[in-house]
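A.B. asks: here is my input; please provide its structure:
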Amino acid sequence: MQRSARLSSPEPRPAAPVDNNGKSLPAEPTLSFWGIVGTTINVIALTALLGYAVAVLGHSSGYWVLSAFGKNWAADGFCLSYKDTLYHTHLLCLYADTCLSLLLWFLSRRCQGRPELSIVRENVLSVLMHGFAHGGLWLDYHRGGDLLAMTWATAPSTTAAIVRHLSLVPFWMSFTYAMTPSPLWLAAAQSLVHSVLMTTVVPPLLAFTYVNTFISLNLLGKQLLTAPRDVFYVLSGVLYGGPILTATFLEPLLCDSLLVRWGGHIIFDLSIPGGVLLYYAVASHLPPRDAKTAAKKAD
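C.D. replies: All right, here's what the predicted structure looks like:
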């Protein structure tokens, strides 16, 4: 009986993957390969991000001087161009983010049933709120900085102080809730804490570094903890995260020599929807992550 069992026919192997036309698809690398590559990319990004935050914090605290970051960036915490015009950097960011959020919204309607393309939909609101935040910064700059400088002691009323300290909650929610798997209560709590800290503790010169650091920690944490280890995991780190991380460093390094004459901080704002569009352009032409989704679309 044992001998006959060993000589019995082996179980058939799973059929090779095919596309909607019945043509064989190339063999996929193992999930462990994509996992190793993608996780390595995200860990490098996380390390670089934290290194940037420490460098900026030490610079602002006087522990060292980052002369390579330039005078314009050091003066404002952003690379600001065309001050006192209607194409001030903050206004350029407002215009660009508003237009690009509409483009992402349009593209998101073509991503139904493709979870690996959800990054397009997730960025619609956050890109829009990012632009509105720059509009608020321009308004504060236009008013001489009195809004950012407002405290409980200097606010004209208790209501004004409460509104001031809660004003950034919608901005943070567009990232912590719309772009991560956090439950509503956790996203709201985190957004409230960040809003209060930014209006009471964080100096205006560190506002960008603070926001960029904690939003990136949320997004990288989502990738490292919950993202499926497939080719889209790698593409997200390279095509979406790569431009944002690159722009983070290029803004202070090239501000004085180049960017201050070409819109300054807008290079960073454009890197976010730009990365999304780059990812979409590549990922949308690959077979869907879920084979069942592909079968449904074929029907």
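A.B. asks: what does the closest residue to Leu168 other than its chain neighbours show for phi and psi?
C.D. replies: Using CB to CB, 6 or more residues apart in numbering and skipping the chain neighbours, the partner closest in space to Leu168 is Ser195 (3.9 Å). Using the backbone N, CA and C atoms, a C-beta is placed for each residue, glycine as well. Main-chain torsions, Ser195, degrees, to the nearest 10: phi -60, psi -50.
A.B. asks: distance of Ser195 from Ala74?
C.D. replies: 26 Å (CB to CB, to the nearest Å).
A.B. asks: give the buried residues for the top helix by length along the chain.
C.D. replies: Of all the elements of type helix in the chain, the one with the most residues (DSSP state H) is helix 31-61. Applying a neighbour-count criterion of 16 or more other CB atoms under 10 Å, one finds 34-35, 37-39, 41-42, 45-46, 49, 52-53, 55-56, 59 buried in helix 31-61.
A.B. asks: so what's Arg261 up against?
C.D. replies: Arg261 is in contact with Ser81, counting by CB atoms under 8 Å, 6 or more residues apart in numbering.
A.B. asks: what's around Leu166, how many residues?
C.D. replies: Leu166: 14 surrounding residues under other CB atoms under 10 Å.
A.B. asks: which SSE is immediately downstream of the helix or strand where Leu103 lies?
C.D. replies: Per DSSP states H and E: Leu103 is located in helix 89-108. Once the chain leaves helix 89-108, the next helix or strand it forms, by DSSP H and E, is helix 118-142.
A.B. asks: which residues touch stretch 269-286?
C.D. replies: 93, 96-97, 100-101, 103-104, 107, 110-111, 114, 116-117, 119-120, 123, 126-127, 130-131, 134, 231-232, 235-236, 239-244, 246-247.
A.B. asks: again, only using 7 Å
C.D. replies: 93, 96-97, 100, 104, 107, 116-117, 119-120, 123, 127, 130, 231-232, 235-236, 239-240, 243-244, 247 (CB atoms under 7 Å, 6 or more residues apart in numbering).
A.B. asks: now swap in stretch 173-180 and tell me
C.D. replies: Residues outside stretch 173-180 that contact it (CB under 7 Å, 6+ apart): 122, 125-126, 129, 182, 184, 187-188, 190-191, 215, 218-219, 222.
A.B. asks: try it again at 10 Å.
C.D. replies: 118-119, 121-130, 132-133, 169, 182-192, 194-195, 211, 214-216, 218-219, 221-223, 225-226 (CB atoms under 10 Å, 6 or more residues apart in numbering).
A.B. asks: now the buried members of the residues you listed.
C.D. replies: 119, 121-130, 132-133, 169, 182, 187-188, 190-192, 194-195, 211, 214-216, 218-219, 222-223.
A.B. asks: ok, back up a step: which among the contacts of stretch 269-286 end up buried?
C.D. replies: For these, buried by 16+ other CB under 10 Å: 93, 96-97, 100, 104, 107, 116-117, 119-120, 123, 127, 130, 231-232, 235-236, 239-240, 243-244, 247.
A.B. asks: any regions of the protein where pLDDT drops low?
C.D. replies: Scanning the chain for pLDDT under 70 picks out 1-31, 144-158, 160-161, 291-299.
A.B. asks: at 50 what do you get?
C.D. replies: Within the chain, the stretches with pLDDT under 50 are 1-9, 292-299.
A.B. asks: tell me who's in contact with the nearest residue to Leu49 once chain neighbours are set aside.
C.D. replies: Distance criterion CB to CB, 6+ apart; nearest residue to Leu49, sequence neighbours excluded, is Ser216 at 5.1 Å. When contacts are counted by CB under 10 Å, 6+ apart, Ser216 touches Ala45, Leu46, Ala48, Leu49, Leu50, Tyr52, Ala53, Phe175, Gly241, Ile244, Leu245, Thr248.
A.B. asks: reformat those as CSV; add distance to Pro288.
C.D. replies: Below are those laid out as CSV (distance: CB to CB, whole Å):
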residue, distance to Pro288
Ala45, 26
Leu46, 28
Ala48, 31
Leu49, 30
Leu50, 34
Tyr52, 35
Ala53, 37
Phe175, 26
Gly241, 22
Ile244, 25
Leu245, 27
Thr248, 31
